[in-house]
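Colleague: Sequence first, predicted coordinates after that:
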Amino acid sequence: MNESRESRSVAAWVAPALLPAINLALALALSAVVIVLVGENPLRALRLLATGAFGNAEAIGYTLYYATSFVFTGLAVAVAFHGGLFNIGAEGQAYIAGLGVALLCLGAGGWPTVLVVPAAVLVAGAFGAGWAFVPAWLQAKRGSHVVITTIMFNFIASAVMTHLLVNVLIKPGQQSPETREFDPSTWLPQLAEVAGALGVEIGRSPLNLSSLLALGAGALVWLYLWHTRWGYELRALGHSEAAAVYGGIVPARIVIVALSISGALAGMVSLNEVMGVQHRLLMNFPGGAGYVGIAVALMGRNHPIGIVLAAILFGGLYQGGAELSFDMPKLTRDMVVVIQGLIILVCGALEHALRGPVEALFRRSPAASQA
Amino acid sequence: MSESLLIAALLAAATARGAAPLVLAALGGLFAERSGIVDIGIEGKMLASAFAAAATAAVTGSAWVGLGAGLAASVALALAHGFACITHHGNQVVSGMALNITMSGLTAVLGNAWFQQGGQTPLLGGGGRFAPIQLPGAASLTGVPGLGLIYGEVVSGHNVLVYAAAAAVPVVAWLVYRTRFGLRLRAVGENPGAVDTAGISVAGTRYRALVVSGVLCGLAGAYLSIAHNASFIRDMSAGKGYLALAALIFGQWRPVPTLGACLLFAFADTVQARLQGTPLPGVGVVPVQLIQALPYVLTVALLAGFVGRAVAPRAIGAPYAKER
Amino acid sequence: MRGIDKWFGAVHANRDVSLVVRAGTIHGIVGENGAGKSTLMGILYGYYRPDRGEILVRGRPAVFRSAQDALAAGIGMVHQHFMLVEPFTVLENVVLGVEGGFRLGGGLARARAELERLGREYHLEVDPDARVADLGVGQRQRVEILKALYRGADLLILDEPTAVLTPPEADHLFEILRALRRQGKTVLLITHKLREIREVTDVVTVMRQGRVVATLPTAETTAERLAELMVGRSVALRVDKTPSRPGEPVLEVEDLVVEDGWGVRRVKGVSFAVRRGEIVGVAGVAGNGQSELLEALAGIRPVTSGQIHWKARELTDAAPRSPRRWRQLGLSHVPEDRHRMGLVIPFAGRESAILGYHGDATYNGPIRLHRGAVAASWDRQVAEFDIRPGDGLLPTSAFSGGNQQKIVLARELDRNPDLLLIGQPTRGVDIGAIEFIHRRLVALRDAGKALLVVSVELDEILALADRILVMHDGRIVGDVPRASASERELGLMMAGVSEPS
């Protein structure tokens, strides 16, 4: 009895702090094997990654820009996870939200930015939530497995958006399937601009207001999950449906609300990409952010602080990966995808495998010190 | 009259070629899912196999050796999935997604590093790929209208893996419904407790199912790179693995309906390729993407219960823990 | 089996158990829940390894590492929860594991012939091509028995086989058992129903608290003696209390019928009332419908038919009987399974302490959940109920069983409910906390509240209840005031034996 309680208090700090680090180390080790297979030096590659990501101000800017999207999708996946649900559809939800934002920006040319920005936030959230609503409703009311439906909806989103971009929204006379550029008043303000207005100098970077929004979203999610009754209900449901029902919680309602919130968060990615950087709607602008969100949520253990940190890590991987492929042409940016996949594998699927030995390691030490 | 028959025959042949990888992959997924393991990783296995097959065929010059390598890669991944999910009770969906993502990156990295062609493997010629096989008498019979045309254009002229896919359906059906292995497979996906108390190893049965799944997905992947195409191209599976999963669900996890679903999806794809820009009577130009989205929409409709009911193997997705 | 000892963690499930079963007999094993019967049978069937002791089959020592070994030794088990594959036919279920070859065709044909023979010989007729999903419970049980016989089992273990059968189905089962005995098979029948023991067994072994208390030829026993042995002379838990003065009824139940998830009737028409200032105890061996009754009353399980009146007003599904509504009306529920239902184990202690009331105005502003109010409430409950440790931020899993139960109790009692439904109040709770909990429950009664206590521990019912209802097989077979109840009489009722006139 005593032993298990000890291990529980050990686990209380081991789990959040140490395990992600060990998971990351393991994933990197496996990646190192790949790097060796390719004929390069893993340590040198790691160093290049790090410097490429954080070595100078411009690099940091890009890292944070990537991280912003990952924070949104990480939060999206995490909110769903807390309810015991797996939202693989963040990619499609972000994509469809881009449509909403593009329609707004195309139509609102000339409006004051201070009106357009909040409207865009609402539209992005609504479109993203809407795309998540159908799978959510199907899961809650019909028992259709949300994993399969969200994967299907990703593909449907891709088809719909391709059609719209190629046939409907394309700028007349142009070959590439994109809309025309938005009117500058509908561009999301750059952070450099905002800082400049406040008298602070920041270098050039794609960082825009959505990064601040991402942090705000993180705070709101934290508040929602741990400081409201709705977040309480979601977490209770995620741990034990029987306890939730006992506690007067209606699972179907919570599932729909949580997945819709998840979709809305994913939709915010479009603010960063479409409204903040590209200023037009392009094909596949989420670029895999929805799937990175899964890795970010798993590594960040579904907590906003962990998610922000993990998102920065992945942003660094993406930025550093680009730099890495210049110096080591044998390692393309796809190496980052490999690392991402391995992290998901280790943090997600093999979670239990590592927890046991790590806890056992710690259980022995306190006993030894008492002896 | 004979022209429309010719068009029909060509469409049918193209459908068969398009359906072959789907059929093989979906049947692979069938084994895994029937045993109770969610198989999101079909895409990853196909991609890995496609790469391994093409790379090995390019190096050795033999399509058969390439095929072997593709099978080995796919089986290895299937076993890894099993290791995470069966032995370590990991989350099956997460494991599958992880495999897909890792393979997507890995094949690109290795392809680029080893062959320096932007992720592509060298073009295969001669013995390096599976060429279309002309069945005996096909050339002469093609002129004969009706059956001869069908024999010449539709039945003959495919590479060996297409014929393998066609043969796979009855073989899999036989395996699943008429053998001891199939009985245990279906049992373990419905009620692992019943299997356990009957003295059979649940884990063993599931691992065996995953190996078969690996073989079939390996065939599907190899088809893409060394039979249908002549090399591996980045991300060449292009979502076919998910499409195969959709077909499996649409086919209610049964071999013959799954074949039907695969043919339906492949037919839609073939038609949309031919119809690009051609207006249909009464409807106008149907956007290509709508047809591309059709399989996915149909699957969602099925899952929602609007088009029949999809009853998955009961024990799917849950790691088996002996309840004592 | 000789000298079998088995521990599960700190629980000594089997203590020095020795059992001799003779061929060609029907041997009954009786005991209450927790007596160790299921553990013993699990050892015999190869699920567990005994920590001490040995098993001899036909005089030779045998070691069972798995179900396969037991099957090979001729031991077959018919589980309480059937291990059948629903979409399969009867034939397919029977041959699973002994298919007789890689190709099914030949094996199935042989099995079909054998099944026909078995069916004839043992009154086990079943249609081999019927899908199990379409079969009723009684028929499914026959398939389970056929499975064991098909494998050549000479010894069949049946674990509470009549729990899900109707009386005619149960009688048919006894026919089957007698036929088996005639053919020289041996049957081990685990049950707590004395009627079955008397009707069909040759020898009966009574177990209590992990030990074998007695082994007697059935013919030499009486129901009273068996009940006495089962229930035993236990330490009476005394709670000092004044006699109750019940007021008007708070809850009235009429002809309540509750079915479980498989459509089997678990509560078969019960009627009773619980009054203010009264503790009604529901006694009975686990599995006789008490859990389903409690869950139905608490709004967690749907009611098949019958009426529930709350303070003389009928509650129908139109105004749904949901847990949320019940809490609003003033009914609190301490569930039997506190781990799965009553608490959210990974939550912090003080988060579990607001489960069900997390939406209350006391804890919430328009948006925010006030951590301060939650903490204050926790501190108050810790002080009142002596919950240790008092740190509300520790995960609920870090609290001992007794303290976890106190958390649940404190939470539910804090609402000053008019009626408290409580199941297994002191399961897994240490002795000091038991006393405390019992005193609190009586105090609630003295404050004019109504309580319905369900417990499998007869001592607890005897200590707490003012009025005792005994449930057996889904019905109330006894309604006695505490003052006039005797252990012996209650034990008989619990075992399904009606009072000899």
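Modeller: Structure's in. What do you need?
Colleague: contacts and neighbour counts: CA atoms only from here.
Modeller: Will do.
Colleague: Longest helix in chain B, by number of residues?
Modeller: Using DSSP state H, we find that the single longest helix of chain B is helix B:2-34.
Colleague: Name the residues of the next helix or strand after that helix that are buried.
Modeller: Proceeding N to C from helix B:2-34, the next assigned helix or strand is helix B:42-60, under DSSP states H and E. Buried residues in helix B:42-60, counted by 16 or more other CA atoms under 10 Å in any protein chain shown: B:42-58.
Colleague: so for helix B:42-60, what's the average pLDDT?
Modeller: Helix B:42-60 comes out with an average pLDDT of 93.
Colleague: and the gap between C:Leu413 and chain B?
Modeller: Separation of C:Leu413 from chain B (CA to the nearest CA, to the nearest Å): 34 Å.
Colleague: Just the pLDDT for the residue of the stretch 51-200 of chain A at minimum distance from chain C.
Modeller: Taking CA to the nearest CA, chain C has its nearest neighbour within the stretch 51-200 of chain A at A:His82, 12.1 Å off. pLDDT for A:His82: 95.
Colleague: just C:Asp317 next, same as before
Modeller: 59.
Colleague: Ok, the one 4 residues further on next?
Modeller: Among the per-residue scores, C:Arg321 shows a pLDDT of 74.
Colleague: Run a quick neighbour tally on it.
Modeller: Applying other CA atoms under 10 Å in any protein chain shown, we find 20 residues neighbouring C:Arg321.
Colleague: which residue sits closest to it, ignoring its sequence neighbours?
Modeller: C:Gly299 (5.1 Å; CA to CA, 6 or more residues apart in numbering or on different chains).
Colleague: Pretty sure the one you found sits against C:Arg327.
Modeller: No - using CA atoms under 8 Å, C:Gly299 is not in contact with C:Arg327, being 10.3 Å away.
Colleague: how about C:Gly97, secondary structure?
Modeller: Assigned by DSSP: H, G, I helix; E, B strand; the rest coil, the conformation of C:Gly97 is coil.
Colleague: what stretches of chain A score poorly on pLDDT?
Modeller: In the predicted model, chain A carries pLDDT under 70 at residues A:1-16, A:200-203, A:359, A:362-371.
Colleague: re earlier: contacting residues for the residue nearest to C:Arg321?
Modeller: C:321-323, C:326 (CA atoms under 8 Å, 6 or more residues apart in numbering or on different chains).
Colleague: Can you tell me which of the residues you listed lies closest to chain B?
Modeller: C:Ser322 (27.3 Å).
Colleague: where does chain A come near chain C, residue by residue?
Modeller: A:5, A:8-9, A:223, A:227-229, A:232, A:236, A:239-240, A:242-249 (CA under 8 Å from any CA of the partner chain).
Colleague: Pull out the buried residues from these.
Modeller: Among the residues of chain A next to chain C, those classed as buried by 16+ other CA under 10 Å are A:8, A:223, A:227-229, A:232, A:236, A:239-240, A:242-249.
Colleague: So which of those are in helices?
Modeller: Among those, the members falling in helices (DSSP H) are A:8, A:223, A:227, A:229, A:232, A:236, A:239, A:242-246.
Colleague: List just the nearest of the residues you listed to A:Gly300.
Modeller: Of all those, A:Gly300 sits closest to A:Leu223, with 16.7 Å by CA to CA.
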